[in-house]
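Q: What shape does this take:
(chains A and B)
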Amino acid sequence: MRAGLWLLLLLPLAEAHRPAGDIGDVEITDATISWLIPGTFETGDEVFVVELVMPTDFALPFEVLVEKRPRLADHRPMYAVVGPGLPTPTADELAVLPYPLPDGWGVYLDQNDLPERIVYFEQVMRRNMWTSGTTALPLQRGPNEVWIWSPDGTTGDFQLGFGVEEDFSDGGFGAVFADWGTYAY
Amino acid sequence: MGWRAAALAVGLGLSTPAAALETDRFSLGLPAEVDLVGLAFGVHPELLFRPIQPDGALHLRFAPGLMVGPELAFVPIALGVREVMFPRKRVRPFLGTGLQLQNFVPYGHPVLTRLDMALELGVDVRVADQWGVGLQLSPEIGLVGGFGFGMAVRLGAQLDF
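A: Reported below is the predicted structural model:
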């Protein structure tokens, strides 16, 4: 089930984790700021898709975060960044992907399977999270996608983090206050 | 006046204000606290000192606490000033500000320390000569060691001594 579709337009590059808002078209004005997109696996068989339209080549860091709670100890959403110029997948990687790769596209697959998960404390809202770890990927100008799914069918919330540095110097709290329950405990 | 009498006078002169200082200028608050950003519960005792007058408006505040929540524990240590309006009335609203050293202990993560600016908005209601009950709201914002928010609600009793 294709559960989410976001179109992110990365404008000329300008700034940890600023909420990007919920499902819908979002214009990211500055990819050097890090952003968060929240989602929830209600049934466990959803695949969330983030479409990225890059205005220029840019190495963009990604990670998937899950709240550190006992209930979510086995909730390890997997993600794949797909787009032109990314590595050619192995047969094993192709078998794991939820969709066929578009012609000419490569993939970076993060199976979020570290035996001991990395703990990240998000100071702004004082949240304790498990993270898949951050990996920066060289994306090419034009369309790219991120696919997020729950390989074991687990349910629960997740957040996709992308971008470089936390920066709230010019505000950016609107989505926090508009959707307090998502970002605060 | 001989030196013994002078010494006695000085001694008396010192002992009377000292007694007043000990009995009138301090308060001890014992509030329970709920932190609404990074949910946590605990106690945040506070020692108040009135430096100008025993029944004055200005208070200096020192407050170490201990909070425990589902995702983290933390130990705030606050130092600040509080201005009490109508300090001789039964109902005493107050405003305060200060610095709060936040020692966060997220479970499974190393301790993180941050210095916040904390504000206070509250009311103390006198229920007996030396006793009051109070409610406080305290927003916090990270200044040094990382940016972030905080919001504490405190409810408790206060003893003057």
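
Q: alpha carbons only for contacts and neighbour counts from here, please
A: Fine.

Q: quick one: contacts for B:G98?
A: B:G98 sits next to B:A78, B:L79, B:G80, B:V81, B:M117, B:A118, B:L119 when contact means CA atoms under 8 Å, 6 or more residues apart in numbering or on different chains.

Q: what bridges to it?
A: Applying DSSP bridges to B:G98 gives these bridge partners: B:G80, B:A118.

Q: again, but for A:P84
A: A:W105.

Q: Once you drop chain neighbours, what's closest to the residue in chain A positioned nearest to chain B?
A: Per CA to the nearest CA, A:V124 is where chain A lies closest to chain B, at 3.6 Å. Leaving aside its sequence neighbours, A:V124 sits nearest to B:G148 (CA to CA, 6 or more residues apart in numbering or on different chains; 3.6 Å).

Q: what sits against that neighbour?
A: Counting by CA under 8 Å, 6+ apart, B:G148 has contacts A:Q123, A:V124, A:M125, A:R126, B:I141, B:G142.

Q: Quick one: name the residues of chain B near chain A.
A: By CA under 8 Å from any CA of the partner chain, the part of chain B that sits against chain A consists of B:36-39, B:70-72, B:106-109, B:146-150.

Q: Give me the ChimeraX select line for these, limited to the buried ones.
A: The buried residues among the residues of chain B next to chain A can be selected in ChimeraX (16 or more other CA atoms under 10 Å in any protein chain shown) with this line:
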select /B:36,37,38,39,70,71,72,106,107,108,146,147,148,149,150
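
Q: Just the ones in strands from the residues of chain B next to chain A, please.
A: Among these, the ones falling in strands (DSSP state E) are B:L72, B:P106, B:F149, B:G150.

Q: From those, which one has the minimum pLDDT?
A: Minimum pLDDT across these is recorded for B:F149, with 89.

Q: can you tell me which residues contact that one?
A: By CA under 8 Å, 6+ apart, the neighbours of B:F149 are A:Q123, A:V124, A:M125, A:R126, B:V37, B:P139, B:E140, B:I141, B:G142.

Q: can you count the residues close to the nearest residue to B:V144 once chain neighbours are set aside?
A: Nearest residue to B:V144, sequence neighbours excluded (CA to CA, 6+ apart): B:L115, at 5.0 Å. B:L115: 21 surrounding residues under other CA atoms under 10 Å in any protein chain shown.

Q: all strands of chain A, in order?
A: With DSSP E as the criterion, chain A has strands at A:2-10, A:18-19, A:25-28, A:35-41, A:47-54, A:58-67, A:78-84, A:105-110, A:118-122, A:127-131, A:135-139, A:142-149, A:156-162.

Q: tilt between the fourth one and strand A:156-162?
A: Strand A:35-41 and strand A:156-162 meet at an angle of 160 degrees, taking axes from the mean of the first three to the mean of the last three CA atoms, to 10 degrees as the criterion.

Q: Among the contacts of B:G148, which one lies nearest to A:S34?
A: Nearest to A:S34 among these: A:V124, at 12.9 Å, using CA to CA.

Q: ok, now how distant is the closest one from B:L159?
A: For A:V124, the distance to B:L159 equals 35 Å [CA to CA, to the nearest Å].

Q: The two - which one has more neighbours?
A: Neighbour tally, A:V124 and B:L159, criterion other CA under 10 Å: the higher count belongs to A:V124, 22 against 18.

Q: So that one sits against B:M151, correct?
A: No: using CA atoms under 8 Å, A:V124 is not in contact with B:M151, being 11.8 Å away.

Q: And the pLDDT at the residue of chain B found nearest chain A?
A: When scored by CA to the nearest CA, chain B has B:G148 as its residue closest to chain A, at 3.6 Å. Reported pLDDT at B:G148 in the predicted model: 88.

Q: need the residues of chain A near chain B, please.
A: Going by CA under 8 Å from any CA, the residues of chain A near chain B are A:68-69, A:119-121, A:123-128, A:184-185.

Q: ok, the closest residue to B:L72 other than its chain neighbours - contacts?
A: Excluding the flanking residues, the one nearest B:L72 by CA to CA, 6+ apart is B:P106, at 4.1 Å. Shown in contact with B:P106 (CA under 8 Å, 6+ apart): A:F121, A:N128, B:E71, B:L72, B:A73, B:F74.
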